[in-house]
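> With the input below, show me the fold.
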Amino acid sequence: MSTGPTPPTSPAKCSACDRPMNTPLVCDGCHRLYPADGLNHFELFGLAPTFDLDVALLRQRYLHVSRGTHPDHQASGDPQTALHLSAQINEAFRVLNDPQLRADYLLELSGGPSAAADKAVPPEVLSATLRLREEIADAKAAGDAAALERCRAEVEHRAAQALEQAAVDARRLPGTAADRARLRATLNALKYYQRLRAEF
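Numbering: from 1, shown residues only. Below you'll find the predicted structure:
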């Protein structure tokens, strides 16, 4: 995945007031809205499609675009379009602000398999998950807080390792088909650990 600058996705100037556009979605001058159709989450904020995002810059862009597209600013314009854009912006920020969701989204942009299409996980994940589920159940039944805490610590450690591996693989995108399959398996493993977290 290239980390260079993305091509401009906004018109050079607003077609309504002829002012320069700072975002592809809204004119800072006259507040005219432009549809986001065809733009990916990164393009909505004018960011390069990379795993190593500047999260502070993402939040700054999100707040700027959110203010400009908020329905309250569009009282004389098109509130339905504003509501639709606000929903798209909120979803894009939610995905890009979360490292796991960001890696998953980059995999999708790179043509990698979806979680629905490829449910594979590294072989040790299934056995570890089954063992931990049994140990959690036994610790709960015995009222053994120390054993439960050991299980929790192992789940967190495994989840952190998986996220670290996902980050390494996401930085290699688009990579090879094998790279993309490995990333999908790692992201699937993270979901197993998240389900285990819910058992505490």
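> give me the number of residues near Asp54?
Neighbour count of Asp54, defined by other C-beta atoms under 10 Å: 12. Bear in mind the C-beta positions are built from the backbone N, C-alpha and C, glycine included.
> and it, backbone torsions?
Dihedral angles of Asp54 (phi, psi; degrees, to the nearest 10) stand at phi -80, psi 100.
> And for Leu33?
Dihedral pair for Leu33: phi -100, psi 150, per degrees, to the nearest 10.
> can I see the domain layout of the protein?
Per automatic domain parsing, the structural domains of the chain span 1-97, 123-197.
> Next, format those domains as TSV and append mean pLDDT.
Shown next, in TSV, are the domains of the chain (pLDDT from 0 to 100):
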stretch	mean pLDDT
domain 1-97	79
domain 123-197	96
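> so which of those gets nearest Ala117?
Ala117 sits nearest to domain 123-197 of all the domains of the chain, at 8.5 Å, using C-beta to C-beta.
> So Ser112 lies in a strand, does it not?
Actually, residue 112 is Gly. It isn't Ser. No - going by DSSP: H, G, I helix; E, B strand; the rest coil, the assignment for Gly112 is coil, not a strand.
> so how many other residues sit close to it?
24.
> do Pro49 as well
Neighbours of Pro49 (other C-beta under 10 Å): 20.
> can you give me the helices for the protein?
Using DSSP state H, the helices found in the chain span residues 41-44, 55-69, 79-96, 99-109, 123-142, 145-171, 177-197.
> what about the residue of the chain most remote from its centre, distance to Ile136?
Using C-alpha atoms, centre = their mean, the residue of the chain lying farthest from its centre is Ala142. It sits 38.8 Å away. Counting by C-beta to C-beta, to the nearest Å, the gap from Ala142 to Ile136 is 11 Å.
> thinking again about what came up before, Lys13: which of the helices of the chain is closest?
Lys13 lies closest, by C-beta to C-beta, to one member of the helices of the chain: helix 55-69, at 15.9 Å.
> which of the residues in that closest one are buried?
Using 16 or more other C-beta atoms under 10 Å as the test for burial, helix 55-69 gives 58, 61-62, 64-66, 68-69.
> Just the CA trace of that helix, in PDB.
Output of helix 55-69 as PDB, limited to C-alpha atoms (Å, rounded to 0.1, in the frame of the first residue of the first chain):
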ATOM      1  CA  VAL A  55      -4.300   9.700  14.600                       C
ATOM      2  CA  ALA A  56      -4.200  13.300  15.800                       C
ATOM      3  CA  LEU A  57      -4.500  14.600  12.200                       C
ATOM      4  CA  LEU A  58      -7.300  12.100  11.600                       C
ATOM      5  CA  ARG A  59      -9.300  13.500  14.500                       C
ATOM      6  CA  GLN A  60      -8.500  17.100  13.400                       C
ATOM      7  CA  ARG A  61      -9.800  16.400   9.900                       C
ATOM      8  CA  TYR A  62     -12.800  14.600  11.300                       C
ATOM      9  CA  LEU A  63     -13.800  17.500  13.500                       C
ATOM     10  CA  HIS A  64     -13.300  19.900  10.600                       C
ATOM     11  CA  VAL A  65     -15.400  17.900   8.100                       C
ATOM     12  CA  SER A  66     -18.000  17.100  10.700                       C
ATOM     13  CA  ARG A  67     -18.700  20.700  11.500                       C
ATOM     14  CA  GLY A  68     -19.000  21.600   7.900                       C
ATOM     15  CA  THR A  69     -21.400  18.800   7.000                       C
END
